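Enquirer: here is the input, now give the coordinates:
(one chain, ligands or ions: 1)
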Amino acid sequence: MELVVLESAENIEFKEGIDLLDCRDIKPCTGCAACWVKTPGKCIIKDKAQFFSQKIKNYDTITIVSKLCFGSVSYPVKRVLDRCVGYLDTFMIKDEDDIRHGKRYNHTFHLNVVFYGNGTEQEKNEASQFVKAFCKNYFVNSYSIEFVSAFNTAFILLGGKKIDPNLEETRDILIPKIGEVEKPKNSIAIINASPRGKKSASEFYSNKLIEICNKLSNNEFKIDKYYWGTTRPINPDEIMKFTMYDSIIICFGIYVDGPPSHIIQNFQRIDAYLYQYMKNHTYGKLGSNIRDTKIYVLANNGLIHGNQNIHSINFIKNFANKNKFTWVQGIGIGGGPLYANPKKDIIGDKNAEGVYKKLEEFSINILNYSEKISYNDIYTDAHINLDDYLNIINNIWKFALDKNKINK
Ligand SMILES: Cc1cc2nc3c(=O)[nH]c(=O)nc-3n(C[C@H](O)[C@H](O)[C@H](O)COP(=O)(O)O)c2cc1C
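Expert: Predicted coordinates:
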């Protein structure tokens, strides 16, 4: 049995024997982990994706058709991927020099991914790496990846009957009024973009970053903090406001090897919005404001190695390069939740020393940016033995399941 996942299945028909999943009206994952510790195997958000992680086991082939977005899938497709993590078991297993979630079901499938739309070689390469990482995560036994220029081509390739697809990403984007003023110097916007907001590991790391930047600069920088939640996407005024900062640091934890879906949505919107703006205005001051806005990423992840954040960092890098922002650097922190304890400072914690040092290096690069330097991304791991980390994490899962009286 085959499933085809489409951003929109409006007016689309396929030959018999193929199930369609239309990604419209699916809500974003909020990172509550209920599908691992409260209702194992199913999501608690009540929409058509609620039982999806259980349904995957009915299919031997899954085909995903997605717009290529900065080296990733588009946000409607990513919503499905993020909402399906309950397909994986709650407990972690050891896998070579890493850990990952085990299998909940004795099941595997073949995955086809068809990306449509224009993209650079770098974006295509990144998208392939992302799919590969996803396959490892989801125990996919074989996969194929194709890039085609238009959705219609992808649709015909799959044997579709009618061609009338529509993904009106820009439908509700309005033309703004501002964007023609000089921006103030030494201004930094730090965005906690985690779906978990103030309860997130990103809250800890973004606050730590502000603290270190203030200390190293003697409070000479104006640092503003923002949140990107899952309840509403970014609006045009907010987009224009961000072009008024010298530096923007986007902080979040990775979901299924990439940014959570609402972050992809916001970047798709910014991209579509700036395109629309340029069609109606001269580039002028906004153009130089964009070029002068430096973009950074602070990503953290649950598994032990920080380089798992590479796809999240590359996603934002590809967005920045496409839209002519100045991409500078990303930092990826492995074992992110381990050190993100606001009650226990990482200064003085021997295990966290390495992470703190890297955060300091990252802060120095934000404060002393020079266009003459080419910055490499920074990756730092959970500084703890693999077996110990596996034990710690599995004890946390066990504790949460026990608390919810779930016997597993
Ligand atoms: C839906 C979901 C998917 C996740 N996928 C991954 C993953 O692919 N790799 C990983 O290392 N951690 C993964 N994690 C763990 C998060 O990256 C980790 O908990 C991180 O600290 C979350 O950051 P935040 O609290 O700032 O949102 C996932 C968590 C959730 C809820």
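
Enquirer: stretch 222-240: end-to-end distance?
Expert: Taking C-alpha to C-alpha, to the nearest Å, stretch 222-240 runs 18 Å from one end to the other.

Enquirer: what residues does this structure have near the ligand?
Expert: Counting by C-beta under 6 Å from any ligand atom, the residues of the chain lying close to the ligand are 29, 31, 33, 82, 85, 137, 194, 196, 200-202, 252-257, 300-303, 308, 336-337. The way it works is simple: take the backbone N, C-alpha and C, and place the C-beta from them, glycine included.

Enquirer: buried subset of those residues, written for ChimeraX?
Expert: In ChimeraX, a selection of the buried entries from the residues of the chain next to the ligand looks like this (16 or more other C-beta atoms under 10 Å):
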select :29,31,82,85,137,194,196,200,201,202,252,253,254,255,256,257,300,301,302,303,308,336,337
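
Enquirer: helices - which of the residues of the chain next to the ligand land there?
Expert: Those of the residues of the chain next to the ligand mapping onto helices are Asp82, Asn137, Ala201, Ser202, Gly336, Pro337, per DSSP state H.

Enquirer: among the residues you listed, which two are most distant?
Expert: Maximum pairwise distance in these, criterion C-beta to C-beta, is 20.6 Å, between Asn137 and Ser202.

Enquirer: contact partners for Ser370?
Expert: By C-beta atoms under 8 Å, 6 or more residues apart in numbering, Ser370 lies in contact with nothing.

Enquirer: look up the pLDDT of it for me, please.
Expert: Listed pLDDT for Ser370 reads 97.

Enquirer: then Asn152?
Expert: 81.

Enquirer: do the one 4 residues further on as well
Expert: Among the per-residue scores, Ile156 shows a pLDDT of 77.

Enquirer: next, the contact list for Cys84, please.
Expert: Ala49, Phe52, Ser53, Ile56.

Enquirer: my error: substitute Asn341 in the last question.
Expert: Phe204.

Enquirer: distance of it from the ligand?
Expert: For Asn341, the distance to the ligand equals 12 Å [C-beta to the nearest ligand atom, to the nearest Å].

Enquirer: give me the element that residue is part of.
Expert: Using DSSP states H and E, Asn341 sits within no helix or strand.

Enquirer: return the distance of it relative to Leu401.
Expert: Using C-beta to C-beta, to the nearest Å, we find Asn341 at a distance of 21 Å from Leu401.

Enquirer: cool, His110 as well?
Expert: 32 Å.

Enquirer: next: His383.
Expert: From His383 to Leu401 the distance is 27 Å (C-beta to C-beta).

Enquirer: give me the residue from this structure nearest the ligand.
Expert: Gly253 (1.8 Å; C-beta to the nearest ligand atom).

Enquirer: hang on, isn't Lys42 packed against Ser53?
Expert: Yes: between Lys42 and Ser53 there is a contact under C-beta atoms under 8 Å: 6.4 Å.

Enquirer: between the two, who's got more neighbours?
Expert: Per other C-beta atoms under 10 Å, whichever of Lys42 and Ser53 has more neighbours is Ser53, with 22 against 18.

Enquirer: and the more buried one, helix, strand or coil?
Expert: In three-state terms, and counting by DSSP: H, G, I helix; E, B strand; the rest coil, Ser53 is helix.

Enquirer: okay, helices next: where are they in the stretch 201-350 of the chain?
Expert: 201-216, 236-242, 261-280, 284-291, 310-322, 336-339 (DSSP state H, counting those that start in this stretch).

Enquirer: mutual contacts of Lys42 and Ser53, please.
Expert: Listed as contacting both Lys42 and Ser53 by C-beta under 8 Å, 6+ apart are Cys35, Gly86.
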